[in-house]
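Model the following, please.
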Amino acid sequence: MAQKIGIWGGSFDPVHIGHLILAQEALTACNLDRLIWVPSGDPPHRAGPVASGEDRLHMVSCVVQNHDAFSVSDLEVRRSGSSYTSVTLKDIRAEACDEADLLYLLIGADNAVDFNQWFEPDRVMDLAQVVVFDRPGVSRGDVPPELADRMIFLDTPQIEISSTTVRERVRQDVSIKYWVPEPVLNHIDARGLYR
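Numbering: from 1, shown residues only. As a prediction, this is how the structure comes out:
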């Protein structure tokens, strides 16, 4: 029987409580059977992550290990060079899914606005149903109508937390307790990340 599988790529630098809330919202709202987290390798459209791919993969792995529907893929972290969503979706379909499974790509509204500038945006939409999370300061009206009509928009909580803010708090030696799950906090401390 076909499964509905969510794919959520991101730098997760670091993964924080907002990511978990949104992941659970998507799981419920889209009636997903599974959600695969994909920490990015070398994103072509932005500056690279601060923590290594291995550190980010470890932090996400720690967070998802106790949730039956969550898993993590090291596909992009293993890949050398730039990572493109169309390639990642094709590879995930080949490695982790049955042909009949339905893929749902989870993105933030900020990414939906410039989705037509992605590498092979039509191919991405052929490979997966694009599901859009709300983001502060961005509305569905900001997304070009020809794209918005092909996307599912979720009414998700506005989480005012970002990985950038978490990293800045660490740099300033301000507590991030409850901003990130405890295993992530422990890994950041043990590795001296973001200082």
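
where does the protein dip in pLDDT?
For the chain, applying pLDDT under 70 flags the ranges 42-49.

Can you pull the phi/psi pair for the residue located most distally from the centre of the chain?
When each C-alpha in the chain is compared with the mean C-alpha position (Cα atoms, centre = their mean), Asp173 comes out farthest, at 26.4 Å. Here is the backbone geometry of Asp173 (degrees, to the nearest 10): phi 60, psi 40.

repeat for Phe70
phi -100, psi 140.

if I look at it, how far off is Phe119?
Per Cβ to Cβ, to the nearest Å, Phe70 is found 27 Å from Phe119. Just so you know, the C-beta spots here come from the backbone N, C-alpha and C atoms, and that holds for glycine as well.

Compare these two (neighbour count), which wins?
Phe70 (21 against 14; other Cβ atoms under 10 Å).

residues in contact with the more buried one?
Applying Cβ atoms under 8 Å, 6 or more residues apart in numbering to Phe70 gives the contacts Ala23, Arg34, Leu35, Ile36, Trp37, Val63, Val64.

now swap in Glu95 and tell me
Ser73, Leu75.

The helix or strand containing it: which residues count as buried?
Element membership for Glu95, per DSSP states H and E: helix 85-96. For helix 85-96, burial by neighbour count (16 or more other Cβ atoms under 10 Å) applies to Thr85, Ser86, Val87, Thr88, Leu89, Asp91, Ile92, Arg93.

got it, and stretch 146-153?
Leu147, Ala148, Met151, Phe153.

okay, how far is it across it, tip to tip?
Using Cα to Cα, to the nearest Å, the end-to-end distance of stretch 146-153 comes out at 14 Å.

Now do the helices in this protein.
Secondary structure of the chain (DSSP state H): helices located at 17-29, 53-64, 75-78, 85-96, 109-113, 121-127, 145-148, 163-171, 182-191.

Now do the last one and helix 17-29, the angle between them.
Same thing as helix 182-191. Between helix 182-191 and helix 17-29, the angle comes out at 150 degrees (axes from the mean of the first three to the mean of the last three Cα atoms, to 10 degrees).

Remind me what helix 182-191 packs against, helices and strands.
The contact analysis (3 or more Cβ pairs under 8 Å, 6 or more residues apart in numbering; DSSP states H and E) places helix 182-191 against helix 53-64.

and Gln129, what does it touch?
Per Cβ under 8 Å, 6+ apart, neighbours of Gln129: Leu102, Leu103, Tyr104, Leu105, Ile152.

quick one: the last one and Asp110, what's the gap?
It stands for Ile152. 16 Å.

again, but for the second one
Taking Cβ to Cβ as the criterion, Leu103 is separated from Asp110 by 21 Å.

and Asp101, how many neighbours?
Asp101 has 16 neighbours, counted by other Cβ under 10 Å.

got it, and Val143?
Val143, neighbours per other Cβ under 10 Å, totals 22.
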